[in-house]
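Peer 1: need a structure here:
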Amino acid sequence: MTCTRPGFNSLTKWLLLFSLILFPGYAMGQSKKPSSAPRPAAPAPHAPAASHPTSSAERPGGATTANHGEGVTTANHGGVTTANHGGVTTANHGGVTTANHGGVTTANHGGVTTANHGGVTTANHGGVTTTGGSHATTTSARTGETTGGAKGGTTSAGRTGAPGAAHPPTRTVTTRSGATARVGANGRVTSIRTANGTRIDRGPNGSRRVESRLPDHGRLVSMGRHGGYAEHPYRGRDGRPYMRRTYYYHGRAYAYGYRGYYYHGGYYYGYVPPYYYRPAFYGWAYNPWAAPVVYSWGWGGAPWYGYYGYYFNPYPVYATAALWMTDYIISQNLQAAYDAQAAANANAAAAAQAHAQAQSDASAQTPDGGGGGVALTPEVKQAIADEVKAQLAAEQSAAAAPAPTAAPAAQAAPAQDTASTADATPPEETPAALDPNHRTFIVSTVLSEPGPNGQDCSLSPGDVVTRIEDTPDANKDVKVLVSASQKSDCPSGSQVAMSVDDLQEMHNHFREQLDSGLKNLADNQGKNGLPSAPAAGGHANPDGQVQPDSDVKEQLASQQADADKAEGEAQQEASSTGSSD
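Peer 2: I've put the predicted structure just below:
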């Protein structure tokens, strides 16, 4: 007898149907391995339609992510740079830079810089710098922490164990004779302004520059005990104001002329070549050579060359005279800097304490053996080569112009106050120091400039700066960016205010060395690997023909003696006030 329950058949049918529907999904689910199942791809982040990042010399182990808007990351050793929008990160060793919008981070060793908008972070060693606001500058945070730079402000120099604390700024002391001296955090005098207006600057390597104003509105400038120059105003054959400058170096005196350019109520003086070559020779120097050449400079055993090995690396071959001239000009400045330091050390017996510090600074400037790259980058050297070409083109045009008629020697004109004898409202002419077409300058003498963190920082011959402003402020200063610098000088990437006079001086020296290099090329074309050139020929430029002063040696010696006395008083005052602080 069959026993049935009410509704069983219907229930069975529904259960069977339900099992058939579920079974395939169940079987498929059992056949999968959850551990290997990929997650759904996350939606791609919104990115600009066009992204053109540039990455240079990125080393293994580093990562650069989301670099938008012509950003540059250079020499990133094992570090991470994320979301760098239009900024520059250079020599980031094991550090992290995040969300750097339009800013510059230089030499960040093991530190972290976050959300730096339009600012500059330089030489951050093992520290943390966070949220530098618009146009903020953060400098030299060493194993400390500096945070919260307000817009337009400056955050600087966090020290070990003192987050947010700053190094003591440069202090000022006044001597009994009325001189004002600036004293660095290490107790050394960095600059002096005497009561009679003499300016004395000390470089970190012990080199010294002294500048005095003369009664006729000229200047007397010494670069250590190895030489210097005296300059005096005169009227040129064209009626314009000029300066005659007599150099004295290594027992030899020679002179150049400089024409005055009236600009914003004062005169700036630009170098006048004493000689012009034939236009064809300038064309040979300007245009690419038929084939690159290898040139032996003979510097291998020179002490200065080994000393600056970490900084300067000559081109292996030369495709143009402009590249050859670039290495020539840089080498001349570095040799001068080395000679000045050697002279300073040799004469330091009169100041034993300064001598000891100079030796310490000098040892700190030797190559560190850490495998660091050349500080004078190919980009900076190319900027110098472009300046060389611009000057070659300008001199070629001047050489092609009709030669002026003969006139009495310029130095025969009476020396007088150029400002008082000039026209009441002479036409304004932009000096080369402010010409928008000239922005790269090679430092030619020791300078002590106030840095953004309140401390003085130095620049030495061979450093390179880029002018980033075209209009001087009320003090006749403009902002410059330090493009390349030697150890112990203002770090690369820092911005300092520099006088237009100093920039013009750099440009003048650059042109003097350019003419020296052209003479070297003219005398050696076709020799030592250099290609043959058209006959140099040319003619003298009457406006650049001046005779040297006969007593410049004695003037410089007297100035040095006065500077020794002023420095002795200033250092004594600095020591006495420092010990009582």
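
Peer 1: domain assignment for this structure?
Peer 2: 52-126, 173-282+388-580 (automatic domain parsing).

Peer 1: May I see the buried residues of stretch 376-396?
Peer 2: For stretch 376-396, a neighbour-count test (16 or more other C-beta atoms under 10 Å) marks 376-377, 380-381, 383-392, 395-396 as buried. In this view, the C-beta of every residue, glycine as well, is placed from N, C-alpha and C.

Peer 1: farthest-separated two in the residues you listed?
Peer 2: Farthest-apart pair in those is 377 and 396; separation 28.8 Å (C-beta to C-beta).

Peer 1: hey, what's residue 212 bridged with?
Peer 2: residue 220 (DSSP bridges).

Peer 1: and it, what pLDDT?
Peer 2: If you check residue 212, the pLDDT there is 95.

Peer 1: got a list of what it touches?
Peer 2: By C-beta atoms under 8 Å, 6 or more residues apart in numbering, the residues touching residue 212 are 196, 197, 198, 199, 219, 220, 221, 559.

Peer 1: Return the distance of it relative to residue 194.
Peer 2: From residue 212 across to residue 194, the span is 9 Å (C-beta to C-beta, to the nearest Å).

Peer 1: What is the burial count for residue 398?
Peer 2: 14 (other C-beta atoms under 10 Å).

Peer 1: now swap in residue 298 and tell me
Peer 2: Counted with other C-beta under 10 Å, residue 298 comes out at 9.

Peer 1: and it, backbone torsions?
Peer 2: Per-residue torsions, residue 298: phi 80, psi 30 (degrees, to the nearest 10).

Peer 1: mind checking pLDDT for it?
Peer 2: In this model, residue 298 is scored at 93, pLDDT.

Peer 1: what helices or strands is the lengthiest strand in the chain leaning on?
Peer 2: Criterion DSSP state E: the longest strand present in the chain is strand 252-263. Secondary-structure packing of strand 252-263 (3 or more C-beta pairs under 8 Å, 6 or more residues apart in numbering; DSSP states H and E): strand 241-249, strand 266-272.

Peer 1: residues of that strand that come out buried?
Peer 2: Within strand 252-263, the residues that count as buried by 16+ other C-beta under 10 Å are 253, 255, 256, 257, 258, 259, 260, 261, 262, 263.

Peer 1: What of stretch 546-554?
Peer 2: Using 16+ other C-beta under 10 Å as the test for burial, stretch 546-554 gives 546, 548, 549, 552, 553.

Peer 1: Repeat that for stretch 430-448.
Peer 2: Quick answer for stretch 430-448 (16+ other C-beta under 10 Å): 431-434, 438-448.

Peer 1: Which pLDDT does the model give the closest residue in space to residue 274 that isn't next to it in sequence?
Peer 2: Leaving out its chain neighbours, the residue that sits closest to residue 274 by C-beta to C-beta, 6 or more residues apart in numbering is residue 544, at 3.6 Å. pLDDT recorded at residue 544 is 90.

Peer 1: Pull up the gap between residue 544 and residue 283, please.
Peer 2: Residue 544 is 22 Å from residue 283, by C-beta to C-beta.

Peer 1: quick one: the strands in the stretch 401-550 of the chain?
Peer 2: Assigned by DSSP state E, counting those that start in this stretch, the stretch 401-550 of the chain shows strands spanning 440-442, 447-450, 456-459, 464-467, 477-484, 495-499, 539-540.

Peer 1: Make JSON lines out of these and add mean pLDDT and distance to residue 518.
Peer 2: Output for the strands of the stretch 401-550 of the chain, formatted as JSON lines (pLDDT from 0 to 100; distance: least, C-beta to C-beta, whole Å):
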{"stretch": "strand 440-442", "mean pLDDT": "98", "distance to residue 518": "17"}
{"stretch": "strand 447-450", "mean pLDDT": "83", "distance to residue 518": "27"}
{"stretch": "strand 456-459", "mean pLDDT": "85", "distance to residue 518": "27"}
{"stretch": "strand 464-467", "mean pLDDT": "98", "distance to residue 518": "21"}
{"stretch": "strand 477-484", "mean pLDDT": "96", "distance to residue 518": "24"}
{"stretch": "strand 495-499", "mean pLDDT": "94", "distance to residue 518": "28"}
{"stretch": "strand 539-540", "mean pLDDT": "92", "distance to residue 518": "14"}
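
Peer 1: Can you add distance to residue 313 and give the ones you listed back as CSV?
Peer 2: CSV is the format used below for these (distance: least, C-beta to C-beta, whole Å):
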stretch, distance to residue 313
strand 440-442, 16
strand 447-450, 24
strand 456-459, 20
strand 464-467, 14
strand 477-484, 12
strand 495-499, 26
strand 539-540, 37
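
Peer 1: Compare the ones you listed and give me the one nearest residue 509.
Peer 2: Among those, strand 440-442 sits nearest to residue 509 (C-beta to C-beta), with 7.7 Å.

Peer 1: where do the helices sit along this protein?
Peer 2: Applying DSSP state H to the chain gives helices spanning 8-31, 279-286, 303-307, 321-346, 352-364, 378-400, 418-421, 500-524, 552-580.

Peer 1: Can you work out which other helices and strands pack against the fourth one?
Peer 2: Yep, that's helix 321-346 we're talking about. For helix 321-346, the contact count by 3+ C-beta pairs under 8 Å, 6+ apart identifies helix 279-286, helix 303-307, helix 352-364, helix 378-400, strand 440-442, helix 500-524 as packing neighbours.

Peer 1: Tell me the buried residues in that helix?
Peer 2: Across helix 321-346, burial judged by 16+ other C-beta under 10 Å covers 321-345.

Peer 1: That one versus helix 378-400: what angle between them?
Peer 2: 110 degrees (axes from the mean of the first three to the mean of the last three C-alpha atoms, to 10 degrees).

Peer 1: Kindly report the same for the second one.
Peer 2: Relative orientation of helix 279-286 versus helix 378-400 (the same axes, to 10 degrees): 180 degrees.
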